[in-house]
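1. below are the sequence and a predicted model; questions follow.
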Amino acid sequence: MVERSVGGMAQRASAYSLESALGQFVRSQSTVSELREALSQEYETWRTRDLSQEAVASLCSDTGYEPVRRWGQKTGVVCGWVIGAEERKVLLSLSTANRESYESWVEVLRGLGKRGRQTPVTLTTEGARGLTQALEAMWPLSLRMRGWFHTRQNLPPKVPALAWPECTALVVDRRAAPTREQAEERRDQSVAQSQREFPAACRCLLDDAAASLNPRAVPQRPQHWVRTSNLVERALVEARHRTKVIPQLFAEGSLVNLVSGVLLRVSERWGKQGCSEFEPHQIRSLRGKLTLDEQEGSRVEPAMQAQSRRSAASAA
């Protein structure tokens with residue numbers, strides 16, 4: 001019955017189905033409420049689990065918004081997914097926030113650290129300022145990735161329609177470069193050729209340029225997952241398939257129970273090994289180059305380390 005509720009069956013339909021299965025009358029209010037309470041307990045157990053044993057290569061984070069009837073506004077569903085060293089895609093965290101701020105994201109990331117979350121090798125975002133600042137403060141040594149699709153999505157309004165095919169071909173060519181150095185060279189050539197005609201588009205290409213090219217440092221096979229935040233967005237679409245049939249959920253608790261119930265089951269379906277034995281070795285090698293294990297061994301909180309470096313640089 002819990003699976004039917006998560007899968008989209010309404011309360012009355014759930015009660016009728018249970019009556020048919022048991023061959024007797026069921027009080028829908030009490031029975032179905034108990035079944036939904038099971039979702040709440042499932043979420044609490046998952047939310048407080050130990051994370052120290054879960055190997056992680058990449059973290060993808062984003063926020064989706066759902067309407068909550070009680071307050072007459074939309075509430076953000078803060079969602080984090082990890083891709084393990086064996087390319088297993090697993091739901092890492094899920095909570096709510098009224099807005100995407102630095103403070104709200106730092107609270108989420110610190111909570112992961114307290115439960116033993118390993119420092120990710122890469123961090124993929126869509127450029128939200130609060131999330132970017134929080135990631136750089138908590139894990140300054142990890143490679144931050146700017147979602148490629150998000151950059152490409154921002155370009156069409158800045159380029160005339162007749163010039164768009166040529167422009168998008170240049171962007172795709174930069175993405176397909178075999179090395180970071182060649183990608184930088186192709187980007188600089190594109191900017192030099194188009195700066196006079198399309199200055200806004202060139203500024204868009206140069207915005208957060210280092211993060212846009214960081215996927216080139218990742219082994220070829222995992223690049224498909226780390227260069228965009230499609231993993232999170234696709235998961236939120238799965239949740240929206242369920243929430244869209246409900247005009248408005250009454251409170252945040254109902255929203256969290258329903259979305260977590262859906263996404264935990266999506267995580268079970270997606271959490272399969274998808275690489276050979278060679279890719280995990282490459283990820284471990286990259287982890288060593290970034291000295292991430294040394295960061296984890298330090299007793300000083302990463303955010304304080306980053307602040308100390310910024311202060312030292314200012315003093316110099």
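-> Thanks, I have the structure now.

2. going forward, measure contacts and count neighbours with C-alpha atoms only.
-> OK.

3. what's the burial count for residue 87?
-> 23 (other Cα atoms under 10 Å).

4. so it touches residue 221, yeah?
-> No - Residue 87 is beyond contact range of residue 221, at 9.5 Å (criterion: Cα atoms under 8 Å).

5. OK, contacts around residue 195?
-> Shown in contact with residue 195 (Cα atoms under 8 Å, 6 or more residues apart in numbering): residue 202.

6. confidence score at it?
-> Listed pLDDT for residue 195 reads 88.

7. check the one 3 residues further on too.
-> At residue 198, the model reports a pLDDT of 90.

8. residue 213: how many residues sit nearby?
-> 24.

9. how near is it to residue 292?
-> Residue 213 is 20 Å from residue 292, where distance means Cα to Cα, to the nearest Å.

10. same deal with residue 98?
-> 32 Å.

11. who has more neighbours, those two?
-> Each of residue 98 and residue 292 has its neighbours counted (other Cα under 10 Å); residue 292 has more, 19 against 13.

12. contact partners for the more buried one?
-> 119, 121, 141-142.

13. weed out the non-buried ones from those.
-> 119, 121, 141-142 (16 or more other Cα atoms under 10 Å).

14. tabulate those (CSV), appending secondary structure.
-> Shown next, in CSV, are the buried ones among the contacts of residue 292 (DSSP: H, G, I helix; E, B strand; the rest coil):
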residue, secondary structure
119, coil
121, coil
141, coil
142, coil
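
15. other SSEs contacting the helix or strand residue 174 falls within?
-> Using DSSP states H and E, residue 174 sits in helix 164-175. Packing partners of helix 164-175 (3 or more Cα pairs under 8 Å, 6 or more residues apart in numbering; DSSP states H and E): helix 180-194.

16. what does the host helix or strand of residue 262 contact?
-> Under the criterion of DSSP H and E, residue 262 resides in helix 252-270. The contact list for helix 252-270 (Cα under 8 Å, 6+ apart) reads 6-7, 36, 39-40, 43, 68, 75, 88-91, 94-96, 235, 238-239, 242-243, 249.

17. distance from the chain centre to it, please.
-> 15 Å (Cα atoms, centre = their mean, to the nearest Å).

18. picking up where we left off before, closest to residue 130 among the contacts of residue 292?
-> If you rank the contacts of residue 292 by distance to residue 130 using Cα to Cα, residue 142 comes first, at 17.0 Å.

19. residue contacts, the closest one?
-> By Cα under 8 Å, 6+ apart, the contact list for residue 142 reads 119-123, 290, 292.

20. which of these fall within strands?
-> 122-123 (DSSP state E).

21. before we move on, the earlier item: mean confidence for the helix holding residue 262?
-> pLDDT averaged over helix 252-270 gives 87.

22. same question for stretch 241-248.
-> 73.

23. again, but for stretch 57-71
-> 85.

24. what residues sit buried inside it?
-> 57-68.

25. need these in CSV with secondary structure, can you?
-> Formatted as CSV, the buried residues of stretch 57-71 follow (three-state DSSP):
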residue, secondary structure
57, coil
58, strand
59, strand
60, strand
61, strand
62, strand
63, strand
64, strand
65, strand
66, strand
67, strand
68, strand
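
26. I'd like the residues you listed as CSV, with distance to residue 208 appended.
-> CSV is the format used below for the buried residues of stretch 57-71 (distance: Cα to Cα, whole Å):
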residue, distance to residue 208
57, 22
58, 19
59, 18
60, 17
61, 17
62, 17
63, 20
64, 23
65, 25
66, 29
67, 32
68, 34
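
27. show me which of those residues is closest to residue 279.
-> residue 57 (10.6 Å).

28. gap between the closest one and residue 282?
-> 10 Å.

29. touching, residue 216 and residue 180? I think so.
-> Yes - contact criterion Cα under 8 Å: residue 216 and residue 180 qualify, at 5.2 Å.

30. would you mark the buried spots in the helix or strand harbouring residue 213?
-> Under the criterion of DSSP H and E, residue 213 resides in helix 209-213. For helix 209-213, burial by neighbour count (16+ other Cα under 10 Å) applies to 211-213.

31. stretch 211-228 too?
-> Quick answer for stretch 211-228 (16+ other Cα under 10 Å): 211-216, 218-219, 222, 225-228.

32. contacting residues for the closest residue to residue 52 other than its chain neighbours?
-> In space, and not counting its chain neighbours, residue 52 is closest to residue 116: 4.3 Å by Cα to Cα, 6 or more residues apart in numbering. Residues near residue 116 by Cα under 8 Å, 6+ apart: 50-52.

33. many thanks, have a good one.
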